[in-house]
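In: here you go, sequence then predicted model.
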Amino acid sequence: MIRIKSDKIIVNEKLFDGYVYVTNGKITEVTKQEKTVEKEYDFTGKYVSAGFIDMHTHGAGGYAFMNSTVEDVINGCDYHLAHGTTSIVPTISAGEFQTMKQAVINIHKAKGKTKGNILGAHLEGPYLSPKQAGAQCPVFITPPIKTDYESLIEEYGESISRWTYAPENDTNGEFCKYLTEHNIIASAGHTDAKYQDMQVAIDNGCNLITHLYSCTSTVTRDHGFRSLGVIESAYLSDELYVEIIADGKHLPPDLIKMIIKIKGTDKVALITDSLEIAGTDITEGVMSGTEFIVEDGVCKLKDRSAFAGSVATADRLIQTLVTECGYEIPTAVKMLTEVPAKILNVNKGVLAKGKDADIIVFDEDIKITDVFVSEKKVV
């Protein structure tokens, strides 16, 4: 048994002064009681939290999760680990389907080889809306192709955590239903859906919106008659979780606060949606045939007409919520630990008896100092 001591243990959105006891990779107790242990870590003065869970990232540290090797996947995940992400869902952009399949295979092969936890792949496409493509390559966007997705899920479904798609192109919710029947999260994103489309999706198991306000439809008018879009559907439908790119750039602080005020901290997950260049000194170049520059803490198209992606790591998300939005650290941490754990249905995300002992330590500036995965100290 080991013991982690601190006066700032984050439990139930509050700070607790005491100990976290860990045995065989699981948390056995969070208490003020002193017990005999084999080893103690004293982090008095620092925050002790469940490990961050990033459920949407394309890479970091110069390593991409698509068009890359198994080693690149491992290195990208381990880079995120040093910034507090103990559990990760590597994300694959829209591409030629065989290329996307190979990326799933590489993520499958990387599982168990990283210092942290790969929970499974996230396919962001190719079944998206061309009108809401964003930084996705429109050449590869198609309606759902049954033979493709069924063959991939039959072979590698256990290594796929989630799939982002446009509900308006999913006839009768067939694709969504197939995903949820195979325990894959169906998430609406890069979508021009209306409320009626979202109702079909929800009825077939969709329970998540991919990066709300980024490539998601809003109210439209047709001959004076208004229809709700994905954004309004997210607010109206209590069963829907939303994820937000909380780098302080994709969404301004006031919009982040509005989303959280409406949906509540139980339904909002923070994500990086980071590119492979996150954490590097790269300031310009070409990715997937698109020229980009990095300035103002975000990646932009070369002509500065739009953002091209995030360069954030998980610790920066907490910094944004605390310093720019005014949330207390325990509340911000909840949306990067407990909420994604619930969405992904994993035994993580809170410091409580029986949960996996994925634990991080950070200072007042949200600088990660120590990381434990299944009680093993890895940073």
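Out: The structure has been received and is ready for your questions.

In: and the closest residue to Ala50 other than its chain neighbours, what does it touch?
Out: Distances taken as C-beta to C-beta, 6 or more residues apart in numbering place Thr337 nearest to Ala50, at 4.3 Å, with adjacent residues excluded. No exception for glycine: its C-beta is placed from N, CA and C like everyone else's. Residues near Thr337 by C-beta atoms under 8 Å, 6 or more residues apart in numbering: 49-53, 348-350.

In: also Asn12?
Out: Asn12 neighbours (C-beta under 8 Å, 6+ apart): none.

In: state the distance from it to Lys46.
Out: Computed as C-beta to C-beta, to the nearest Å, the Asn12 to Lys46 distance reads 19 Å.

In: what comes up buried for stretch 277-292?
Out: 277-279, 282, 287-288, 292 (16 or more other C-beta atoms under 10 Å).

In: chain center to that stretch: distance?
Out: 21 Å (C-alpha atoms, centre = their mean, to the nearest Å).

In: show me the contact partners of that stretch.
Out: Residues contacting stretch 277-292 (C-beta under 8 Å, 6+ apart): 59-62, 79, 83, 93, 135, 137, 272, 275-276, 293-295, 299-302, 308-313.

In: pLDDT (mean, whole number) over stretch 184-194?
Out: Here stretch 184-194 scores 98 as its mean pLDDT.

In: wait, a strand at Glu155?
Out: No. Glu155: not assigned to a strand; according to DSSP: H, G, I helix; E, B strand; the rest coil it is helix.

In: local confidence estimate at it?
Out: You'll see Glu155 listed with a pLDDT of 97.

In: from Leu119, how far off is it?
Out: 19 Å.

In: mind checking which of those two has more residues around it?
Out: Remark: of Glu155 and Leu119, Leu119 carries more neighbours, 24 against 13, as counted by other C-beta atoms under 10 Å.

In: surely that one and Ile88 touch.
Out: Yes. Here Leu119 reaches Ile88: they are 6.8 Å apart, a contact under C-beta atoms under 8 Å.

In: which neighbours do these two have in common?
Out: 53, 55.

In: how about Ser68, secondary structure?
Out: Ser68 ends up coil, using three-state DSSP.

In: and it, how far is that from Thr91?
Out: Separation of Ser68 from Thr91 (C-beta to C-beta): 12 Å.

In: ok, residues contacting the longest helix anywhere in the chain?
Out: Scanning the chain for the helix with the most residues, using DSSP state H, yields helix 97-110. The contact list for helix 97-110 (C-beta under 8 Å, 6+ apart) reads 65-70, 72-74, 77, 90, 92, 94-95, 118, 120-121, 123, 125-126, 145, 148, 152, 156, 159-160.

In: hang on, the earlier thing: show me the two of the buried residues of stretch 277-292 that sit farthest apart.
Out: Gly279 and Ser288 (18.9 Å; C-beta to C-beta).

In: and stretch 165-175, average pLDDT?
Out: Rounded mean pLDDT across stretch 165-175 is 98.

In: and it, how far apart are its ends?
Out: 9 Å (C-alpha to C-alpha, to the nearest Å).

In: for that stretch, buried residues please.
Out: Using 16+ other C-beta under 10 Å as the test for burial, stretch 165-175 gives 165-170, 173, 175.
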